[in-house]
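In: Dropping the sequence and predicted coords here.
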Amino acid sequence: MEYQNERDFKYVMQDTSHVFMGGRMTYDDMMTWEDTPFKIKAIVSKYFLGKEEDGLAVTLAVLQQNDFRYQILKQLKVKIKAGTYQTKKNLFGKEESKYVSRLYSLDEYMEVCSREKALITEEFVFSKLALLAFSL
């Protein structure tokens, strides 16, 4: 699905306990943006660059649980904010489409991603404590 404004999904923000990264960030974006924490750059450089995928959203779409990168993301306690359009009947019997967004754990996201083809990955949330505990 092509988005009209890809930059809406490309950002890096932080609060006291989390790093928030846009869902359309490519690995190249992560490495060149100065707002990306060095630890994330080091992890991406060591374990994710050089693969066939060009971003974390694409990697998660094809990732298997026996992949070492899955174990890395699991240890980093990555959460993924994603949404999809759901159709429901309203009180008058008409079908209406509504966008629903939710924060998923890695396992939940991979399960939903395998059955839902129109899933829109909005954001990745990294725990700063998990980043601190991760050794390279």
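Out: Yep, that arrived. Residues are numbered from 1 along each chain as shown.
In: just checking, C113 touches L60?
Out: Yes - look at C113 against L60 with C-beta atoms under 8 Å: they come within range, at 6.6 Å. Bear in mind the C-beta positions are built from the backbone N, C-alpha and C, glycine included.
In: neighbour count winner among those two?
Out: Comparing C113 with L60 by neighbour count (other C-beta atoms under 10 Å), the higher total belongs to L60, at 22 against 19.
In: and the helix ranked longest in the chain, average pLDDT?
Out: Residue-count comparison of every helix in the chain, with assignments taken from DSSP state H, identifies helix 106-115 as the longest. Averaging pLDDT along helix 106-115 gives 89.
In: what angle separates the helix or strand just after it from helix 106-115?
Out: Stepping forward along the backbone from helix 106-115, the first helix or strand reached (DSSP states H and E) is strand 120-127. Per axes from the mean of the first three to the mean of the last three C-alpha atoms, to 10 degrees, the angle that strand 120-127 makes with helix 106-115 is 170 degrees.
In: Show me what strand 120-127 is in contact with.
Out: Contacting residues not belonging to strand 120-127 are listed as 1, 9, 17-25, 40, 56-57, 60, 76-84, 101, 103 [C-beta atoms under 8 Å, 6 or more residues apart in numbering].
In: go on, stretch 86-104?
Out: Stretch 86-104 is touched from outside by 79-85, 112, 122, 125, with contacts defined as C-beta under 8 Å, 6+ apart.
In: which residues of this protein score low on pLDDT?
Out: Scanning the chain for pLDDT under 70 picks out 1-7.
In: Strands along that one, start to end?
Out: In the chain, the segments counted as strands under DSSP state E are 12-14, 18-22, 79-89, 95-105, 120-127.
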